[in-house]
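Enquirer: kindly return the folded structure for what I paste below:
(chains A and B)
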Amino acid sequence: MIELKRDSLVFSFPEVHPEARLEIEFERTLRIPDDGKDHFLPPGLGSFPLKHVDDFAGGVPGKWLEHGGVMLPMHQAEAMWIMFDSSHISGHGAEYPFAVKIAAGKIDAVTGEQWTNGLHGVPQDYLVIPEQPWLDGFCVEKGVIRQFVAMPLGRGYTAEEQITGAAEFGGLQIIAYPMKREAFERRFPKRRDAERAMEVSLCMPNMSKMDMGLAPGGRMIQEICEDPFDFNDWDRSRSSRCFMHIANSLVWRAITGEAPPTVPPTAEAYTSAGLPWFDYYAEGAEALEGSDILKQLKSVIQLGREKRETPVPENGSVAPERVVRLGDRRPRSQVREGKF
Amino acid sequence: MMKHFGEYIRQQREKLRENNPEFSLRKIAAKIDVEPSFLSKVERGEQPPPSEAKIALLAEALGEDADVLLALAGKVSSDLQKVIRQRPKLFAELIREMKDMPDHAVLRLVREVRDGKW
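Expert: The predicted model follows:
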């Protein structure tokens, strides 16, 4: 089952293990410069608000209701990253593992293939949690992603439109599979010693302009970890999935009556304020090769130049002086946050 | 019997500190931006629990549930208060009706995110 708790999606599989829980948050962040350089990880600036689409049935497009799920507001050219946190299982000294597929406009963010409901080991089309603490974009090369950047659906920038030629789905799609309990207990046996740590119009919004999709932005250093477990360890008979609709921030208030979050600072302003960027290295983890399909994608800036459009308001380069290195298997006390 | 707020905080913090010095009184006090002496008094029950905002920071620092800590402190989070104030009669009745229900029955009322046809 999936619940919405304080702007997090909480996946739980009590039928597999009473504590098998995975929390997913969608973080606001800076849009990194799209200048051909590989950038460090930008900070989290707080999470996007999430709402059940069913609660706003009178204000959202019919197809959103058909898809079900939740919705969140994004400004045009705003970036996001996704944070994963799985439950620590008392007595086993481990977090419960999950295989998670993430797609944007039903394009798999790891392989660039079109969405299918199952898991595929070769090529691996999923992330392994907790090995993968976060995902910031499309996996275009080994160790490099292109940042998720929101663009209005129908203008040709999104990964979905570049790959399929159609602007049909938009949003984000997520499906999570737990590890089989038997595999979890075999790999992480119970320890003998007890665990110590137990914007805005008064009329109805124009529906055709409210749907957003994710397009590839600037390049960022981020590895997508190869599955260190056996493919058969995943309980592929059990899964929960969620369709995340992205509403243009301009219509969020008209739909929900609530103000959307403010526009994040620019990367330049953030860096000039001396605030930190982040570097993360998962020791021992093998990284997946990037997807050939995703490698062919054009970034928002590249496509904007071809179309003679200005899809993003600015794109100044940065040279961060403060880079905080985050260690392997990020402990709870270690956060990737920026206050601005 | 339910522990008082400070006693619970101290116990949880000390458990974590056994494996990680980041959970010392001084470091946790710095994380939630209070004086160590203040946190120490709260832990010993010599000071009442801090504000809701500080309790939320403390919950984050210790990996605890903020609502549980607020309840131990005899408080209700401001977001819940807002929800109740919007429909006080309805929520008062609901809570009274549910007070003796077993956990599994309450959990059945939890709302799932609906999956549709993609």
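Enquirer: tell me the contacts of the closest residue to residue A:306 other than its chain neighbours?
Expert: Once flanking residues are discounted, residue A:306 sits nearest to residue A:298: 7.4 Å by C-beta to C-beta, 6 or more residues apart in numbering or on different chains. The C-beta positions use only the backbone N, C-alpha and C, and glycine is treated the same way. Residues counted as contacts of residue A:298 (C-beta atoms under 8 Å, 6 or more residues apart in numbering or on different chains) are A:162, A:216, A:306.
Enquirer: for residue A:22, grab phi and psi.
Expert: Dihedral pair for residue A:22: phi -130, psi 130, per degrees, to the nearest 10.
Enquirer: and it, what does it touch?
Expert: Residues in contact with residue A:22 (C-beta under 8 Å, 6+ apart) are A:10-12, A:84-87, A:96, A:98, A:100, A:129, A:176, A:178.
Enquirer: among those residues, which lie within strands?
Expert: A:10-12, A:84-86, A:98, A:100, A:129, A:176, A:178 (DSSP state E).
Enquirer: tally of neighbours for the residue in chain B positioned nearest to chain A?
Expert: Chain A sits closest to residue B:116 of chain B, with a gap of 3.1 Å, by C-beta to the nearest C-beta. For residue B:116, the count of nearby residues is 14 (other C-beta atoms under 10 Å in any protein chain shown).
Enquirer: likewise residue A:308?
Expert: 6.
Enquirer: A strand includes residue B:70, no?
Expert: No - per DSSP: H, G, I helix; E, B strand; the rest coil, residue B:70 lies outside any strand segment and is helix.
Enquirer: how much space between it and residue B:59?
Expert: The gap separating residue B:70 from residue B:59 is 8 Å, by C-beta to C-beta, to the nearest Å.
Enquirer: if we can go back for a sec, ok now do the residue of chain B closest to chain A, which residues does it touch?
Expert: By C-beta under 8 Å, 6+ apart, the contact list for residue B:116 reads A:65-69, A:243.
Enquirer: buried set for stretch B:24-43?
Expert: Under the neighbour-count criterion of 16 or more other C-beta atoms under 10 Å in any protein chain shown, stretch B:24-43 has B:25, B:27-29, B:31-32, B:34, B:39-40, B:42-43 buried.
Enquirer: turn these into TSV, columns for pLDDT.
Expert: Formatted as TSV, the buried residues of stretch B:24-43 follow (pLDDT from 0 to 100):
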residue	pLDDT
B:25	96
B:27	96
B:28	96
B:29	96
B:31	95
B:32	96
B:34	96
B:39	96
B:40	96
B:42	96
B:43	96
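Enquirer: what's the closest of these to residue A:148?
Expert: Residue A:148 has its nearest neighbour among the buried residues of stretch B:24-43 in residue B:31, at 30.2 Å by C-beta to C-beta.
Enquirer: any idea which helix or strand carries the nearest residue to the closest one once chain neighbours are set aside?
Expert: Closest residue to residue B:31 apart from its sequence neighbours, by C-beta to C-beta, 6+ apart: residue B:61 at 4.7 Å. Using DSSP states H and E, residue B:61 falls within helix B:52-62.
Enquirer: tally of neighbours for residue A:166?
Expert: Counted with other C-beta under 10 Å, residue A:166 comes out at 11.
Enquirer: just the angle between the longest helix seen in chain B and helix B:52-62, please?
Expert: Longest helix in chain B, counting residues (DSSP state H): helix B:5-17. Helix B:5-17 and helix B:52-62 meet at an angle of 30 degrees, taking axes from the mean of the first three to the mean of the last three C-alpha atoms, to 10 degrees as the criterion.
Enquirer: so what touches the helix or strand that comes right after helix B:5-17?
Expert: Downstream of helix B:5-17, the first helix or strand assigned by DSSP H and E is helix B:25-31. If you take C-beta under 8 Å, 6+ apart as the criterion, helix B:25-31 is touched by B:13, B:21, B:35-36, B:38-40, B:43, B:57-58, B:61-62.
Enquirer: how many neighbours does the residue of the stretch 1-150 of chain A found nearest chain B have?
Expert: Closest approach between the stretch 1-150 of chain A and chain B, counting by C-beta to the nearest C-beta: residue A:68, at 3.1 Å. Residue A:68 has 19 neighbouring residues, counting by other C-beta under 10 Å.
Enquirer: what pLDDT does the closest residue in space to it that isn't next to it in sequence get?
Expert: Nearest in space to residue A:68, with sequence neighbours left out and distances taken as C-beta to C-beta, 6+ apart, is residue B:116 at 3.1 Å. Note on residue B:116: pLDDT of 88.
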